[in-house]
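Student: Okay, predicted coordinates and the sequence, questions at the end:
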Amino acid sequence: MHILITGGAGFLGSHTCLTLIEKGYEISILDSFINSSIKTIEGIKKILRKAGIHTNHHLNIFKGDIRDKKIIIKIFEDAIKNNNPITSVIHFAGLKSVSESVKKPFLYWENNVSGTINLINIMNQFNCKTIVFSSSASIYDDSSEKLIDEDFPINPTSPYAKTKETIERFLKDIFNSSSNTWRIANLRYFNPIGAHPSGIIGEELTSHTTNIFPIITKVALKQIPELKVYGKDWPTIDGSGVRDYIHVIDIANGHLKALEFLNANNPQIINLNLGTGKGTSVIELIKTFEKVNKVKIPYSFSERRDGDKGFVVADNKMALSILKWKPEKNLEEMCIDGWNLKFHK
Ligand SMILES: NC(=O)c1ccc[n+]([C@@H]2O[C@H](COP(=O)([O-])OP(=O)(O)OC[C@H]3O[C@@H](n4cnc5c(N)ncnc54)[C@H](O)[C@@H]3O)[C@@H](O)[C@H]2O)c1
């Protein structure tokens with residue numbers, strides 16, 4: 001099976017590519033490298049080489065933008081010429097910084113939403129109708145202390161989260177227009193962290209990152225003096241915000257399982273939470289990172305930010321039962337692997 005992975009050079013995409021190639025899939029990556037580097041592709045090849053897997057026939061790289069129809073058409077055409085048409089798409093490509101999206105809504109709507117419309121349009125032309133889409137837990141309303149299941153109220157606040165919700169709605173319309181043909185899984189990730197245990201690939205430390213884990217890493221590397229913890233009076237175990245951290249390898253396996261599930265079943269559209277179901281406070285995350293990696297993470301408390309939430313933890317029962325998938329890695333492994341990125345040191 002030949003899978004197109006948009007954004008395959010990014011954090012989640014690169015680990016998913018690796019998992020799929022290990023399982024024998026052929027992969028074509030389309031990435032603009034706006035937030036990733038070709039070094040990650042070299043990293044994927046290196047890990048596979050070490051495992052005795054040669055990538056010549058398994059991994060094709062296309063540098064391009066999902067907003068550019070020509071490059072997407074070329075990928076589908078090349079695959080047909082090579083007698084190995086693309087059968088499914090895993091769609092990671094997108095911009096993901098909540099704060100940047102507030103400042104640059106045009107960019108986010110155009111990149112994420114228009115780019116996805118292009119992609120679906122061309123998939124439709126080539127009769128490729130199976131897609132796993134990277135959605136986000138940020139589309140849910142504030143949950144207070146309740147676990148969030150897939151039927152939980154939706155209320156995206158940032159432009160970023162609104163683009164994800166809009167794409168889900170668009171995919172629903174596409175499905176409804178031809179419901180006996182499309183197979184669609186919207187995977188709503190909670191907080192993916194960690195890295196490949198080899199330390200060869202992981203999350204890029206971009207300057208505008210707002211995700212907590214790369215910031216902790218930067219503090220540990222003394223690139224920034226301290227971590228700001230937003231809010232100390234949430235109704236949580238220690239007053240700091242609680243999130244559902246999940247290892248990136250578990251996320252990658254979730255994609256493999258979602259793809260297998262779609263291909264083994266009738267056309268459908270399904271929303272699934274990918275999380276561990278366990279809440280961890282920011283302070284607990286800091287303490288675990290310090291303990292397992294023997295480094296200091298100075299931090300101070302700041303005011304809550306607009307739109308912040310105190311408790312965002314998945315009810316993951318649906319993914320567990322439908323995908324026959326289970327997160328395997330604990331918080332300590334996430335912290336060890338995340339810190340072990342050789343190219344960050
Ligand atoms: N990492 C998270 O915490 C998280 C949580 C929820 C949802 N998501 C979603 O999952 C997806 C992957 O996230 P990630 O953490 O791997 O992010 P990432 O930034 O590491 O990867 C995204 C990749 O897409 C590429 N890209 C962006 N716009 C593109 C375009 N127009 N055309 C082609 N390539 C483009 C980037 O260069 C990058 O390689 C994103 O859509 C993100 O919104 C991520």
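Tutor: Done, it's in.
Student: any low-confidence regions in the stretch 151-300 of the chain?
Tutor: Low-confidence segments of the stretch 151-300 of the chain (pLDDT under 70): 207-208.
Student: Run through the strands of the stretch 151-300 of the chain in chain order.
Tutor: 183-189, 191-193, 227-230, 242-243, 245-247, 268-274, 280-281, 299-302 (DSSP state E, counting those that start in this stretch).
Student: no wait, the stretch 1-150 of the chain
Tutor: Per DSSP E, counting those that start in this stretch, the stretch 1-150 of the chain carries strands over the ranges 2-6, 26-31, 59-63, 86-91, 130-136.
Student: Residue 142 is nearest to which of these?
Tutor: strand 130-136 (14.9 Å; CB to CB). In short, each C-beta sits where N, CA and C put it, glycine included.
Student: now residue 325, nearest residue through space, not along the chain?
Tutor: residue 257 (4.2 Å; CB to CB, 6 or more residues apart in numbering).
Student: What residues of stretch 101-115 count as buried?
Tutor: For stretch 101-115, a neighbour-count test (16 or more other CB atoms under 10 Å) marks 101, 108, 109, 111, 112, 113, 115 as buried.
Student: filter these down to the ones close to the ligand.
Tutor: 111, 115 (CB under 6 Å from any ligand atom).
Student: just the buried residues of stretch 101-115 now: which is nearest residue 236?
Tutor: residue 101 (25.8 Å).
Student: Let me know whether the closest one touches residue 164 as I believe.
Tutor: No - Residue 101 is not in contact with residue 164 according to CB atoms under 8 Å; the separation is 10.3 Å.
Student: so what's residue 226 up against?
Tutor: For residue 226, the contact set (CB atoms under 8 Å, 6 or more residues apart in numbering) comprises 219, 298, 299, 300.
Student: Is the third one in contact with residue 225, as I believe?
Tutor: No - with contact taken as CB under 8 Å, residue 299 and residue 225 are classed as non-touching, separated by 10.1 Å.
Student: between those two, what contacts are shared?
Tutor: Common neighbours of residue 299 and residue 225 (CB under 8 Å, 6+ apart) are residue 219.
Student: These two: which is more packed in?
Tutor: More neighbours surround residue 299 than the other of residue 299 and residue 225, with 16 against 9 (other CB atoms under 10 Å).
Student: For that one, give its distance to residue 5.
Tutor: The spacing between residue 299 and residue 5, counted by CB to CB, to the nearest Å, is 36 Å.
Student: repeat for residue 159
Tutor: Residue 159 is 25 Å from residue 5, by CB to CB.
Student: Which one's more surrounded, those two?
Tutor: Counted by other CB under 10 Å, residue 159 and residue 5 do not tie: residue 5 has more neighbours, with 28 against 20.
Student: Which single residue in the protein comes nearest to the ligand?
Tutor: Closest approach of the chain to the ligand (CB to the nearest ligand atom) occurs at residue 10, with a separation of 2.0 Å.
Student: need the contact list for that residue.
Tutor: Contacts of residue 10 (CB under 8 Å, 6+ apart): 31, 35, 36, 40, 92, 93, 204.
Student: so which of those is the most crowded?
Tutor: That'd be residue 93 among the contacts of residue 10, by other CB under 10 Å, with 29 neighbours.
Student: doesn't residue 321 make contact with the residue nearest to residue 325?
Tutor: No - judged on CB under 8 Å, residue 257 makes no contact with residue 321 at a distance of 11.6 Å.
Student: Mind checking which of those two has more residues around it?
Tutor: Comparing residue 257 with residue 321 by other CB under 10 Å, the one with more neighbours is residue 257, at 21 against 9.
Student: dump the residue contacts of that one.
Tutor: Per CB under 8 Å, 6+ apart, neighbours of residue 257: 323, 324, 325.
Student: Report the buried members of those.
Tutor: With burial judged by 16+ other CB under 10 Å, the buried subset of these is 323, 325.
Student: Could you tell me which of the contacts of residue 257 are located in strands?
Tutor: Secondary structure from DSSP state E places none of the contacts of residue 257 in strands.
Student: Redo the contacts of residue 257 as a markdown table? Include pLDDT and distance to the ligand.
Tutor: Shown next, in a markdown table, are those (pLDDT from 0 to 100; distance: CB to the nearest ligand atom, whole Å):
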| residue | pLDDT | distance to the ligand |
| --- | --- | --- |
| 323 | 98 | 17 |
| 324 | 95 | 22 |
| 325 | 97 | 17 |
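Student: Kindly indicate which of the contacts of residue 257 lies nearest residue 276.
Tutor: Distance ranking of these against residue 276, using CB to CB, places residue 325 first at 11.5 Å.
Student: So the closest one is in contact with residue 251, correct?
Tutor: No - counting by CB under 8 Å, residue 325 sits too far from residue 251 to count as a contact (10.2 Å).
Student: who's in contact with the closest residue to residue 251 other than its chain neighbours?
Tutor: In space, and not counting its chain neighbours, residue 251 is closest to residue 192: 4.8 Å by CB to CB, 6+ apart. Contacts for residue 192 (CB under 8 Å, 6+ apart) come out as 11, 12, 245, 246, 247, 248, 251.
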